[in-house]
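K.L.:
This is a predicted model, with the sequence first.
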Amino acid sequence: MPAVLCPKCRFPLSHAESHCGTCPLCGAALEGVVAAHSAPVESPPPVDERVTGVPRSRSVAPFAWAAVVLAGLALGGGGLYYLLSAGIPFLLGGSEPPAAKAIADAKKDDSVAAVPLARVEPAPVPKASEPPQPPEAPRPGPAAREPPAPAAPQARPPGRPPAPPPETRRPEPPRAPAEARREAPLEAPRETVRGNLRTIENPAGEYALESLNAGARVRLRGKVKTLRIGPVNGESTLDAAGLEAREVILDKEINGGSTVRLQATEGSVEFRGAVNGRSKVYVDAPGGKVTFVRPPGAGQAGAEIGGDSKVTIRAKDVDFQCPIGGSETRVTVVLTRGGSLRFSEISGRSRLLYRRAEQKDPEPLVSRGTIRSQAEVKKAE
């Protein structure tokens, strides 16, 4: 397509632009401009392309003019807004600017006190004829106190001997720990005997009753930690219901129709010997445990109950580790709240009855062993 060049800026123009009369880029007159040949003629690049060397697109010029117009409008609007906010109403006859009014109000306010400024004296400039003064030396501070001199020893009057030097105490050897110290021997139990009544007061100690034979009768009262009882035979009677003990141990048998009464309210009672020969045993340990102990070795006699004896126990836990036998042997157990009963074997025609101490108590735990022949284990209410 033939192109027309502007004679001034050499900008290629279309046929429509060439008929406008002036160049749309530089505004030069286009009169007498002849159209170029039909072959496209390469026009020299615009000024900016000559400097930068970057080819310019023809479609950029309209957008560049639009950007310039928008930037001018933005700057003009911002300047107008600033003038209106800075005090144009005051210049046009309106009220005074807000800043000037605020300063006038502050001056009229009597409650705001003026803060005096400190006056700074300029440093004196030494004259050329005067020699420079040396810097002022720092003022000496208060003198440090010296420690007082030790007092001179007083002269000893004549004829008086010199005082002996002060005694130096030797360091004491380290003491052995409390566990290694030898404890003082416990106080011997206090025992009072009046006839067949023995009163023992030894809450932290042990009292031993060796044996009772041939119908002997002994009553025990007081308080001990451990009570040990030997054999009780020959229709003898031991009444220890008035002696409060934490632990009662019967090392030997109870035989020959003898009677034994024991008390261990919160303690334990251990029978290590048999109960035979129509003997009677009463144990009161409502918060404790009663055990008929089985011997550790085979073939040894344990704490069996037989020979038509009568045993009555009130305790929380009762354990018959040895057999119960005989034709008329009767064992009655009263279990307190939360109690338990255990037996290993019962034989012959003997009977074991148990019940709760209170009807409102829960059912006790019963561990049953072997029941032989015509023996009977029954709950009695």
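P.N.:
That came through fine.
K.L.:
Between the two ends of stretch 292-306, how far is it?
P.N.:
Separation of the first and last residues of stretch 292-306 by CA to CA, to the nearest Å is 13 Å.
K.L.:
If we go by neighbour counts, what in that stretch is buried?
P.N.:
For stretch 292-306, burial by neighbour count (16 or more other CB atoms under 10 Å) applies to 292, 293, 294, 302, 303, 304, 305, 306. From N, CA and C alone the C-beta is placed, and that goes for glycine too.
K.L.:
just checking, what packs against the longest helix anywhere in the chain?
P.N.:
Looking across the chain with DSSP state H, the single longest helix is helix 60-86. With contacts defined as 3 or more CB pairs under 8 Å, 6 or more residues apart in numbering; DSSP states H and E, helix 60-86 has no helix or strand neighbours.
K.L.:
can you give me the mean pLDDT across it?
P.N.:
Mean pLDDT, computed over helix 60-86, is 74.
K.L.:
Start the count at 50 instead of 1 going forward.
P.N.:
Shifting the count to begin at 50 puts that one at helix 109-135.
K.L.:
for the stretch 150-299 of the chain, what are the low-confidence residue spans?
P.N.:
Within the stretch 150-299 of the chain, the ranges that satisfy pLDDT under 70 run 150-238.
K.L.:
For residue 308, give me the pLDDT.
P.N.:
Note on residue 308: pLDDT of 95.
K.L.:
and the gap between it and residue 379?
P.N.:
Residue 308 is 15 Å from residue 379, where distance means CB to CB, to the nearest Å.
K.L.:
Residue 380 is in contact with residue 401, correct?
P.N.:
Yes - Residue 401 lies in contact with residue 380 (CB atoms under 8 Å); the separation is 4.8 Å.
K.L.:
and residue 116, what does it touch?
P.N.:
Contacts for residue 116 (CB atoms under 8 Å, 6 or more residues apart in numbering) come out as none.
K.L.:
tell me, what's touching residue 401 and residue 380 both at once?
P.N.:
369, 373.
K.L.:
If I follow the layout properly, residue 79 ends up in contact with residue 64?
P.N.:
No - counting by CB under 8 Å, residue 79 sits too far from residue 64 to count as a contact (11.5 Å).
K.L.:
Settle it for me: which of the two has more neighbours?
P.N.:
Ranked by neighbour count (other CB atoms under 10 Å), residue 79 and residue 64 place residue 79 first, with 18 against 11.
K.L.:
And the more buried one, what's its pLDDT?
P.N.:
71.
K.L.:
next one: residue 146
P.N.:
Per-residue pLDDT puts residue 146 at 56.
K.L.:
Same list (the buried residues of stretch 341-355) but as JSON lines, adding distance to residue 409.
P.N.:
Below are these laid out as JSON lines (distance: CB to CB, whole Å):
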{"residue": "341", "distance to residue 409": "29"}
{"residue": "342", "distance to residue 409": "33"}
{"residue": "343", "distance to residue 409": "34"}
{"residue": "351", "distance to residue 409": "36"}
{"residue": "352", "distance to residue 409": "33"}
{"residue": "353", "distance to residue 409": "35"}
{"residue": "354", "distance to residue 409": "30"}
{"residue": "355", "distance to residue 409": "35"}
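K.L.:
Show me these that map onto strands.
P.N.:
Residues of the buried residues of stretch 341-355 located in strands (DSSP state E): residue 341.
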